[in-house]
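S.K.: This is a predicted model, with the sequence first.
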Amino acid sequence: MSSYSLGIDIGGTFTDIVVYVHESGRCLSHKELTTPDAPSRGAITGVRRLFEREGLDFASVVRVVHATTLFTNALIERKGAPTGLITTAGFRDTMEIARENKYELYDLHIELPRTLIPRRLRLEAVERLGPDGTVETALDEADLLAQVGRLKEQGVESVAVVFLHAYANPVHEQRARQLIEQHHPGLFVSISSEVSPQIREYERTITTTANAYIKPLADGYLELMAGQIRALGVQAPLFMMLSNGGLTHIEEAKRVPIQLLESGPAAGALVAAFFGRQAEIANLLAFDMGGTTAKLAIVQDHEPLVVHKFEASREKRLTEGSGLPLSISTVELIEIGAGGGSIAHRDQLGLLKVGPLSAGSSPGPACYGRGGEQPTVSDANLVLGFLDPATFAGGTMAISEDKARQALAPLAAQLGVSVPECAWGIYSIINENMAVAARVHIAECGHFSGDFSLLVTGGGGPLHGCEVARRLGVSRVICPPSAGVASALGLLVAPARIDRMATVSRRLSRTDWDELESTYRALEAEASAVIGQTLPGQAKDIALERAADMRFVGQGFEIVTTLPPGPYGRDCEAALRDCFTAAYRRTFGEVLPVSDVEFVNIRVVARTPAGSGDLDAGPRQGAALPEPTVRKVWLAAGKDYADVPAYDRAAMPAGLSLQGPALVQDASSTLILPPDGRLVVEGNGSLVIDLDLKGGQAVQASVSAAAHTRKEAVA
């Protein structure tokens with residue numbers, strides 16, 4: 001009897017369902033329109049349809065992994081629970097004072113990040129700890145409860161407790177939570193010493209309040225989702241994907257849901273790394289374009305880059321500092337307001353613009369026939385001939401070219417062009433929008449895009465990937481198997497991973513090595529315990545990694561430095577210093593002539609493999625390629641439609657080579673092979689496309705464009 005793993009990824013437009021069959025290594029997939037009013041409804045409907053279509057048994061599911069954009073959207077749209085803040089007397093306005101610097105220095109009308117909690121719901125408690133954690137003023141318990149009572153009277157459902165220097169000693173926060181839960185059992189409580197136990201008051205406050213803001217939503221949703229999955233007859237545990245590229249059990253996810261914000265994009269980066277290893281390509285740009293947003297992550301040496309900070313809900317999407325700074329571990333990526341549902345319009349200067357507003361899944365693009373009337377990227381792709389109405393989304397929904405043309409016609413008339421020319425303009429502009437954002441992100445990470453290959457996933461990634469690659473000066477594009485549902489597939493190749501950290505603030509030369517080793521071991525034990533609860537049978541396979549946020553004495557910010565495994569003692573001082581100076585040189589090119597180095601935070605990663613084993617996504621071996629169908633496609637070189645062959649991806653044998661132009665279709669996506677592109681079908685099922693960038697000219701154009709990226713982004 002077969003056993004299955006089930007991946008469910010809820011996106012802004014589509015919910016992707018993937019089933020991995022353990023015995024054969026094959027994957028089965030389904031796309032279902034997301035139901036924004038009740039996301040679990042669309043997910044459960046999609047699971048039921050896939051299992052009924054394939055004749056699968058719910059009782060044979062041994063693992064369920066889930067990712068969702070629900071909590072990210074709650075932050076962006078400010079649709080979390082009514083939340084209050086209890087903080088140390090005198091620090092009520094920390095989250096509004098912020099860093100006292102402007103992300104746009106000369107903007108007189110700058111819009112600062114909107115706080116999650118209004119001032120009337122930010123109250124103070126009598127207590128005070130010193131920087132070393134010593135109690136200077138004891139917690140006034142009666143005053144605390146009085147303040148919480150005031151919050152509850154104003155309708156607060158969740159409370160964040162952020163006391164000064166709680167990272168050094170959590171005693172007051174722990175006591176506050178105990179009192180709140182005892183006297184107000186209906187309130188959700190988040191304390192900073194658990195959510196973000198590190199220095200920097202502003203970031204710690206924002207992270208804890210954001211966790212409190214989404215905690216009631218997460219608790220109710222995860223409980224509902226787990227119950228609905230059980231009601232199907234699935235007895236396997238539900239795991240949640242974390243932003244750091246690992247998975248954890250549902251209770252840990254409910255405790256600190258802020259860790260779930262970037263779960264879907266993280267899964268996309270993981271699957272890019274997975275197929276990169278199979279293709280023996282170490283450095284990739286993972287480009288995932290869905291119906292609502294596009295994401296780009298950097299995979300280096302077969303691993304996605306993981307950072308320990310994230311900006312949510314930016315006021316200006318390409319401007320660092322314009323969002324809410326969250327101290328969470330996350331796969332480093334950029335999100336771009338560009339997807340199949342992005343709406344095209346004519347601006348006040350008479351220019352064609354695309355996005356950032358999106359039609360989402362409800363009403364969706366006009367071609368969906370669900371009430372949408374605005375012209376979108378999907379409508380343009382359909383008019384250009386890139387999409388096949390008969391096979392869209394695996395044939396699970398009908399789309400109408402007539403409705404797409406009707407939506408584009410008024411915009412085309414305003415611009416004085418034909419409908420196909422308007423559609424081509426939309427296609428070109430969205431590609432350049434995504435390339436501009438990608439250039440910024442790649443440059444800020446200290447890389448050159450031409451050194452990477454581009455791996456495309458999502459329903460829109462294969463449609464737009466080759467043109468985005470051309471604009472970035474990238475000559476190789478990889479389209480993996482099941483590209484349209486790759487993020488859901490990434491859930492099934494994810495390891496179990498838990499990150500833990502603590503602030504220590506010690507000079508390397510004055511370190512108490514026994515104390516440092518003890519703190520590391522405590523973090524390792526805590527992280528390992530969560531892994532053990534997640535995958536009890538694999539506790540023996542846990543791998544531990546150590547790192548630290550380090551800096552030269554006198555500097556204001558740190559570099560996350562990977563360290564060798566312990567135990568640590570006095571004889572390790574030189575080795576740890578060398579690790580830091582090597583990381584510093586990689587980042588800045590030179591090392592400062594400063595004698596002493598200091599720890600600020602120490603970090604631990606615990607992980608164990610929990611992937612899908614031998615995934616078999618390869619093409620048919622030795623099969624003959626059937627004759628392609630012919631489609632009318634609008635090509636950039638001409639002013640009319642041309643006949644272009646369209647191939648069924650499932651029928652393409654390994655080793656096949658194709659010269660563009662061509663279309664390659666599967667159940668969840670369509671790849672556009674441009675006229676100057678050559679495609680080869682690899683043995684692992686990936687399609688590898690080499691683009692002719694005409695020598696160094698295209699790369700030089702990309703470099704020149706990168707120099708003006710900042711100017712373009714502001715304009």
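M.R.: Received the coordinates, thanks. Numbers count the residues shown, from 1 in each chain.

S.K.: Now do stretch 655-664, average pLDDT.
M.R.: Mean pLDDT, stretch 655-664: 90.

S.K.: what about that stretch, how long is it end to end?
M.R.: Start-to-end span of stretch 655-664 (CA to CA, to the nearest Å) is 15 Å.

S.K.: swap in stretch 589-604?
M.R.: Stretch 589-604 has an end-to-end distance of 27 Å (CA to CA).

S.K.: which other residues reach it?
M.R.: The contact list for stretch 589-604, computed with CB atoms under 8 Å, 6 or more residues apart in numbering, reads 198-199, 308, 499-509, 511, 516, 519-520, 523-524, 527, 544-554, 558, 560, 577, 580-581, 584-585. Heads up, the C-betas are built off the backbone N, CA and C, glycines and all.

S.K.: Buried by neighbour count: which residues of it qualify?
M.R.: By 16 or more other CB atoms under 10 Å, the buried positions in stretch 589-604 come out as Val597, Glu598, Phe599, Val600, Asn601, Ile602, Arg603, Val604.

S.K.: Please list the members of the contacts of stretch 589-604 that lie in helices.
M.R.: When DSSP state H defines the helices, the subset of those inside them is Leu516, Thr519, Tyr520, Leu523, Glu524, Ala527, Arg577, Phe580, Thr581, Tyr584, Arg585.

S.K.: Restricted to buried residues, select the residues you listed in PyMOL.
M.R.: Command for PyMOL that selects the buried part of the ones in helices among the contacts of stretch 589-604, burial taken from 16+ other CB under 10 Å:
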select buried, resi 516+519+520+523+524+527+577+580+581+584
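
S.K.: Closest one to Ala138 out of the ones in helices among the contacts of stretch 589-604, please.
M.R.: Thr519 (25.9 Å; CB to CB).

S.K.: isn't the closest one right next to Val504, touching?
M.R.: Yes: under the criterion of CB atoms under 8 Å, Thr519 makes contact with Val504 at 6.4 Å.

S.K.: Now Leu85: which helix or strand?
M.R.: Assigned by DSSP states H and E, Leu85 falls within strand 83-88.

S.K.: Pull out the buried residues from the helix or strand just after that strand.
M.R.: Next helix or strand after strand 83-88 toward the C-terminus (DSSP H and E): helix 94-97. The neighbour-count check on helix 94-97 (16+ other CB under 10 Å) flags Thr94, Met95 as buried.

S.K.: Can you tell me what sits against helix 94-97?
M.R.: For helix 94-97, contacts defined as CB under 8 Å, 6+ apart pick out 85, 87, 115-117, 119, 122, 162, 201-202, 205-206, 209.

S.K.: Tell me which two of these sit farthest apart.
M.R.: Greatest spatial distance among the contacts of helix 94-97 (CB to CB): Arg119 and Glu201, at 16.9 Å.

S.K.: More neighbours: which of these two?
M.R.: Glu201 (19 against 12; other CB atoms under 10 Å).

S.K.: send the alpha carbons of stretch 493-510 over as PDB?
M.R.: C-alpha atoms of stretch 493-510 as PDB (Å, rounded to 0.1, in the frame of the first residue of the first chain):
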ATOM      1  CA  VAL A 493      11.900  18.700   0.600                       C
ATOM      2  CA  ALA A 494      12.300  21.000   3.600                       C
ATOM      3  CA  PRO A 495      14.400  20.000   6.600                       C
ATOM      4  CA  ALA A 496      13.100  20.500  10.200                       C
ATOM      5  CA  ARG A 497      15.000  23.600  11.400                       C
ATOM      6  CA  ILE A 498      14.900  25.700  14.500                       C
ATOM      7  CA  ASP A 499      16.900  28.900  15.200                       C
ATOM      8  CA  ARG A 500      17.600  30.100  18.700                       C
ATOM      9  CA  MET A 501      19.700  33.100  19.900                       C
ATOM     10  CA  ALA A 502      20.700  35.000  23.000                       C
ATOM     11  CA  THR A 503      22.400  38.300  23.700                       C
ATOM     12  CA  VAL A 504      25.700  38.000  25.500                       C
ATOM     13  CA  SER A 505      27.600  41.300  24.900                       C
ATOM     14  CA  ARG A 506      31.100  40.200  25.700                       C
ATOM     15  CA  ARG A 507      34.600  41.200  24.400                       C
ATOM     16  CA  LEU A 508      36.400  38.200  23.000                       C
ATOM     17  CA  SER A 509      39.400  39.000  25.200                       C
ATOM     18  CA  ARG A 510      37.200  39.100  28.400                       C
END
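
S.K.: Centre of the chain to it, how far?
M.R.: The chain centre lies 22 Å from the centre of stretch 493-510; the measure is CA atoms, centre = their mean, to the nearest Å.
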